[in-house]
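A.B. asks: what would the 3D arrangement of this be:
(chains A and B)
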Amino acid sequence: MEQSMFIALFILIIPVLNFLFIGLMDDKLKPKTAGLLGILGLTVVAALSYFTAFDYFFNYGKVDGMYQSFYEAFSWMKFTETLSIDLGILLDPISVMMLVVISTVSLCVHIYSMGYMHGEKGFQRYYAFLSLFTFSMLGLVVATNIFQMYIFWELVGVSSYLLIGFYYEKPSAILASKKAFIVTRFADLGFLIGILILGYYTGTFDFKVLTDTNSSVFTSTPAATFMGASVLTWATALIFMGGAGKSAMLPLHIWLPDAMEGPTPVSALIHAATMVVAGVYLVARMFPVYFILTPEVLTGIAYIGAATSLYAAIVACTQTDIKRVLAFSTISQIAYMMVALGVSKFEGHDGLGYMASMFHLFTHAFFKALLFLGAGAVIHAVHSNEMSEMGGLRKYLPITHITFLIACLSIAGIPPFSGFFSKDEILVAAWEGDKIIFFCQYFVAGLTAFYMFRLYFNIFWGEEKQYEHIHKEHADCMTIPLLFLALLTVVTGFIPFGQLVTADGFGFDLHTVFEIAIPSVLIGVVGILVAWIMYKKPTQIPDKVATSVKPLYVAAKRKFYFDELYMFITKKIIFRRISTPIAWFDRRCVDGFMDFQAWWSNKVSVKIKGFQSGDVQLYVAIFIVAILVISAIICL
Amino acid sequence: MEIPMQCYLIVALVMFFSGVYGFITRRNLLAMLMSLELILNAVNVFFVVFNRFLFPEHLEGMFFSLFVIGVAAAETALAIAIIINVFRSSKNIDNEEIKELKY
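C.D. replies: This is a model prediction of the structure:
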């Protein structure tokens, strides 16, 4: 166990050393060296993570049939006897699982980027940022207290910002990176306030105390209320706001589609598999607090999740940029995880939703990373993001085609691919929790199958276009990660997740509930068939459908006007009505006062300056006169 | 008949204020330096006179005036060196004209 902590520390140190080395050397390194260094570091990290996970789950983690959390930290800032900010490492089922997810996807992306980013300007910088991101994300999941998590939370935010804006010469990339940073920062403001409220009223930041159901946090709850809700409700709701920002929940999702301006492997790593699930991870981490102290917030999370997944699925059906389709699909799938957490209970088999959420997080990370990397391969070949410029690519990109198909089947919930198992568990949990949410999620499952296969048929089937410089692909650093991830997509569904990751640490067996599994597979198949009919061959059906529900189609295509709404609120209301008067006050009153002081002292010093003439004779004359005057005064 | 102390003091006072007047009004640095000497010597006279008339059993005043003479000699040497350098650089020892150091 000691040894495991040591290894976990190494997992964190390697990427940060890589970041510093590659980042500081920058142009002095050859691009290839930088890339190989990154891959080498990540290989070691991945190996150590697998070892940690194996050791934890099968060796020392389980005590009396229950998975314990192990904890090693030193006190960094001490505020009171109980309230301090520690820095340390926490190993428990979800953090260990996340280590595996992050290091695997990150390794795949590192390898893939060697091919995808080949010859790009700033290749070394790209790898440095990837290492920084990997470090931050790993630090986030092993954080021992909520404040440490917040620190790494901001670090992943900034690495995401740097990577979205990687093509900093492109105005749209700069805008997208700014948007992502500002929106998540705004959400993090809520997170920070939530942390402070929670710390103030419970007297601790520590996850160990916050998740221990016997601790004082749960036995004595503060009675203070604010605006009709208890302070704890406010605290957890605000903390969820931070999570919603990072995980792109409604209405803070607007940054994620634009974040697709970044290089595609970055989208796979950050905006599909790891960073965007940080919000889910946060709620899972604080789950006992949400469930026991503030169940109303948890219910809210479930409804927000359901609304988001429905919204994103509808929008995804109308987008034409393949990365944006995937982005909305990511939002929808993360919302699935949120829903599962929201409807979950705590103990034993009732905690199915929690487990399903983590399971889906795990499987989704792989198949969504696979989808993004596949999309990256397509974009790399076609040099366009637009669906209308693709078609019939199955002949040119056979490996991408097969792996993409596997991922699509997985996300559509077709057995035996991993997405089926995890999505099925979520639907079961939703059925047990809330029927409305269940039907919503059930419908979304069908939509998911439809839009994924719309994407698939449009790219790989349909009418063949004229392509320039397209080569038949072969096994290289871009296809090996695809194959590896496809393998994971096939096998991860068979992991007995219920035995490993549960809300209360006790394992339980998973059963496929056929009453729910069969209809969910059916609706998936229906979705696929509809997509088949509409997009397999170029037909007029999609246009006819679009014109028949024109208002809905247009609204969905414009993402239900969320961007316009934000623009209206910020530009017309906040900037014009609030910021302009404040700016006026700042310029005229605050700055004016300071300017006045400066002006005044300037005038006075100009006057005083005259005395400092450098004329010794004048000084002496003044001196003598002054002496005489003073003497006269004293004598009189 | 001994000359009373006041006579000495009046002479010294006249010397002192002549020195001050000269220092303030002269424009030539050398003239100012001379005026400065006059002030110092006036002070020396004060020291000696007060010592002689008020504390005849002590010698501090005498010694102090000797010190002043010594210091004045050194100061004069230094001042003349500076004035020569100023003259070399600006061909001028009029203190109204030497304004470069001010800026």
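
A.B. asks: poorly predicted segments of chain B, please.
C.D. replies: B:1, B:99-103 (pLDDT under 70).

A.B. asks: ok, now how distant is the residue nearest the centre of chain B from chain A?
C.D. replies: Taking C-alpha atoms, centre = their mean, the centroid of chain B lies closest to B:Glu37, which sits 2.5 Å from it. Counting by C-beta to the nearest C-beta, to the nearest Å, the gap from B:Glu37 to chain A is 15 Å. For the C-beta atoms, the positions are set from N, CA and C on the backbone; glycine is no exception.

A.B. asks: name the element that residue belongs to?
C.D. replies: helix B:29-54 (DSSP states H and E).

A.B. asks: hang on, the earlier thing: now do the contacts for the residue nearest to the centre of chain B.
C.D. replies: B:Glu37 is in contact with B:Gly19, B:Ala72, B:Thr76, counting by C-beta atoms under 8 Å, 6 or more residues apart in numbering or on different chains.

A.B. asks: what about residue 9, how many neighbours?
C.D. replies: Just so you know, I chose chain A. Using other C-beta atoms under 10 Å in any protein chain shown, A:Leu9 has 15 other residues around it.

A.B. asks: hmm, no, I was thinking of chain B.
C.D. replies: Count around B:Leu9 with other C-beta under 10 Å applied: 15.

A.B. asks: which of the contacts of B:Glu37 has the most neighbours?
C.D. replies: B:Gly19 leads these on contacts (other C-beta under 10 Å) with 21 neighbours.

A.B. asks: report the angle between the helix or strand hosting B:Phe87 and helix B:29-54.
C.D. replies: In this assignment (DSSP H and E), B:Phe87 forms part of helix B:60-90. Orientation check (axes from the mean of the first three to the mean of the last three C-alpha atoms, to 10 degrees): helix B:60-90 against helix B:29-54 gives 180 degrees.

A.B. asks: one step back: can you narrow the contacts of B:Glu37 to ones near chain A?
C.D. replies: Among the contacts of B:Glu37, no residue sits close to chain A (C-beta under 8 Å from any C-beta of the partner chain).

A.B. asks: chain A: which of those residues is nearest?
C.D. replies: Ranked by distance to chain A (C-beta to the nearest C-beta), the contacts of B:Glu37 are led by B:Gly19 at 10.4 Å.

A.B. asks: pretty sure the closest one sits against B:Ala42.
C.D. replies: Yes: judged on C-beta atoms under 8 Å, B:Gly19 makes contact with B:Ala42 at a distance of 6.1 Å.

A.B. asks: still on that earlier bit, and the residue nearest to the centre of chain B, how close does it get to A:Ser520?
C.D. replies: As for B:Glu37, its distance to A:Ser520 is 112 Å (criterion: C-beta to C-beta, to the nearest Å).

A.B. asks: again with A:Thr502
C.D. replies: For A:Thr502 relative to A:Ser520 (C-beta to C-beta), the value is 22 Å.

A.B. asks: give me the residue from the stretch 201-350 of chain A nearest chain B.
C.D. replies: Residue of the stretch 201-350 of chain A nearest chain B, by C-beta to the nearest C-beta: A:Glu261 (56.1 Å).

A.B. asks: what number of residues lie near that residue?
C.D. replies: Neighbours of A:Glu261 under the rule other C-beta under 10 Å: 24.

A.B. asks: that one touches A:Glu169, doesn't it?
C.D. replies: No: using C-beta under 8 Å, A:Glu261 makes no contact with A:Glu169, being 11.9 Å away.

A.B. asks: need the contact list for the residue positioned nearest the centre of chain A.
C.D. replies: Taking C-alpha atoms, centre = their mean, the centroid of chain A lies closest to A:Val276, which sits 2.0 Å from it. Residues in contact with A:Val276 (C-beta under 8 Å, 6+ apart) are A:Lys246, A:Ser247, A:Ala248, A:Leu256, A:Ile270, A:Thr330, A:Ile334.

A.B. asks: among those residues, which are in helices?
C.D. replies: A:Lys246, A:Leu256, A:Thr330, A:Ile334 (DSSP state H).

A.B. asks: neighbour-wise, which of those leads?
C.D. replies: Greatest neighbour count in the ones in helices among the contacts of A:Val276, by other C-beta under 10 Å, goes to A:Ile334: 32 neighbours.

A.B. asks: thinking again about what came up before, where's the residue nearest to the centre of chain A relative to A:Gly203, distance?
C.D. replies: For A:Val276, the distance to A:Gly203 - C-beta to C-beta - is 32 Å.

A.B. asks: isn't A:Phe438 up against A:Val428?
C.D. replies: No: A:Phe438 is not in contact with A:Val428 according to C-beta under 8 Å; the separation is 9.0 Å.

A.B. asks: average model confidence for the helix or strand harbouring A:Val105?
C.D. replies: Assigned by DSSP H and E, A:Val105 belongs to helix A:93-116. Averaged over helix A:93-116, pLDDT sits at 89.

A.B. asks: following the chain onward from it, which element is next?
C.D. replies: Next element after helix A:93-116 (DSSP H and E): helix A:123-141.

A.B. asks: any idea which helix or strand comes after that next one?
C.D. replies: Following helix A:123-141 in sequence order, the next helix or strand is helix A:146-164 (DSSP H and E).

A.B. asks: now for that following helix, which elements pack on it?
C.D. replies: strand A:84-91, helix A:123-141, helix A:171-202, helix A:231-246, helix A:278-285 (3 or more C-beta pairs under 8 Å, 6 or more residues apart in numbering or on different chains; DSSP states H and E).

A.B. asks: could you check the angle the last one makes with helix A:231-246?
C.D. replies: Counting by the same axes, to 10 degrees, helix A:278-285 points 150 degrees away from the direction of helix A:231-246.

A.B. asks: any idea of the angle helix A:278-285 forms with helix A:171-202?
C.D. replies: Angle of helix A:278-285 versus helix A:171-202, following the same axes, to 10 degrees, is 20 degrees.

A.B. asks: any idea of the mean pLDDT for the very next helix or strand once past helix A:278-285?
C.D. replies: Counting by DSSP H and E, the next helix or strand C-terminal to helix A:278-285 is helix A:287-288. The average pLDDT within helix A:287-288 is 87.

A.B. asks: what does helix A:287-288 contact?
C.D. replies: For helix A:287-288, using C-beta under 8 Å, 6+ apart, the contacting residues are A:Leu210, A:Thr211, A:Asp212, A:Thr213, A:Phe218, A:Leu341, A:Ser344, A:Phe346, A:Tyr354, A:Ala503.

A.B. asks: can you get me the start-to-end distance on stretch A:574-587?
C.D. replies: With C-alpha to C-alpha, to the nearest Å applied, stretch A:574-587 spans 18 Å between its terminal residues.

A.B. asks: what average pLDDT does it get?
C.D. replies: Across stretch A:574-587, pLDDT averages out at 88.

A.B. asks: wait, what's in contact with residue 31?
C.D. replies: You didn't pick a chain, so chain A it is. Applying C-beta under 8 Å, 6+ apart, the residues contacting A:Pro31 are A:Phe123, A:Gln124.

A.B. asks: actually chain B
C.D. replies: B:Ala31 neighbours (C-beta under 8 Å, 6+ apart): B:Gly22.

A.B. asks: show me where the stretch 401-550 of chain A has its helices.
C.D. replies: Along the stretch 401-550 of chain A, counting by DSSP state H, counting those that start in this stretch, helices occupy A:418-433, A:435-460, A:479-491, A:497-500, A:514-535, A:541-548, A:550-557.

A.B. asks: ok, which of these comes nearest A:His380?
C.D. replies: Nearest to A:His380, of all the helices of the stretch 401-550 of chain A, is helix A:479-491, at 11.2 Å by C-beta to C-beta.

A.B. asks: buried stuff in that closest one?
C.D. replies: Neighbour-count burial for helix A:479-491 flags A:Thr479, A:Pro481, A:Leu482, A:Phe484, A:Leu485, A:Ala486, A:Leu488, A:Thr489, A:Val490 (criterion: 16 or more other C-beta atoms under 10 Å in any protein chain shown).
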